[in-house]
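A.B. asks: return a 3D structure for these sequence lines:
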Amino acid sequence: MVSELKLLLVENEIDYRDCLRVALASLKLAILEANDGQEALDILSGEPFVCLVIADLEMPKVNGIELLLEMRRRKIKHPTILMSSVNNFQKDDAMLFGASDFYSKHRPVSNLLEIARSVLLRSLND
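C.D. replies: Predicted coordinates for the structure are as follows:
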């Protein structure tokens, strides 16, 4: 039996998460959802077939940076795209904390799809 590859979408704003889920469906991956970084860590600890994590920076309980740091501490090496609507947070900041890439929520969702495809291709070549 072939297991289905999965994307983990971590976003506490339900309406925005729903919008992203619809757009990300074009990647043809099963989409798991978490409300915050702690819920994401719980999912990641029991879900071996996640091939990409897309996480918001600003979340309750465990934020996106804390999620990245805890994933690295636990040796969870899934490619991760950090996203934010904070104007002064940039791609270099996200990469400094171990993100594979960064998406600004001020950009069209199609930009996130391009970034996700690029990150997935890079992970296949590593």
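
A.B. asks: pLDDT below threshold where in this structure?
C.D. replies: Regions of the chain meeting the criterion pLDDT under 70 cover residues 1-3, 87-88.

A.B. asks: most centrally placed residue in it?
C.D. replies: When CA atoms, centre = their mean is applied to the chain, the residue found nearest the centroid is Ile54 (1.1 Å).

A.B. asks: for the closest residue to that residue other than its chain neighbours, what are its contacts?
C.D. replies: Excluding the flanking residues, the one nearest Ile54 by CB to CB, 6 or more residues apart in numbering is Ile81, at 4.7 Å. (C-beta placed from N, C-alpha, C; glycine too.) The contact partners of Ile81, taken as CB atoms under 8 Å, 6 or more residues apart in numbering, are 52-55, 99-103, 112, 115-116, 119.

A.B. asks: which stretches in this protein count as strands?
C.D. replies: Using DSSP state E, the strands of the chain run over residues 6-10, 30-34, 50-56, 80-84, 101-104.

A.B. asks: let's have these in CSV, adding distance to Asp18.
C.D. replies: Putting the strands of the chain into CSV (distance: least, CB to CB, whole Å) gives the following:
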stretch, distance to Asp18
strand 6-10, 10
strand 30-34, 9
strand 50-56, 14
strand 80-84, 15
strand 101-104, 17
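
A.B. asks: out of those strands, which is closest to Leu41?
C.D. replies: Minimum separation from Leu41 across these (CB to CB) falls at strand 30-34, 8.5 Å.

A.B. asks: returning to what we had before: how about the strands of the chain, which one is nearest Asp42?
C.D. replies: Here strand 30-34 is closest among these (CB to CB), at 7.8 Å.

A.B. asks: what lines up beside that closest one in the sheet?
C.D. replies: If you go by DSSP bridges, strand 30-34 pairs up with strand 6-10 (parallel).

A.B. asks: so which residues make contact with the partner strand?
C.D. replies: 17, 20-21, 24, 27, 29-37, 39-40, 43-44, 47, 49-56, 59, 64, 67, 78, 116.
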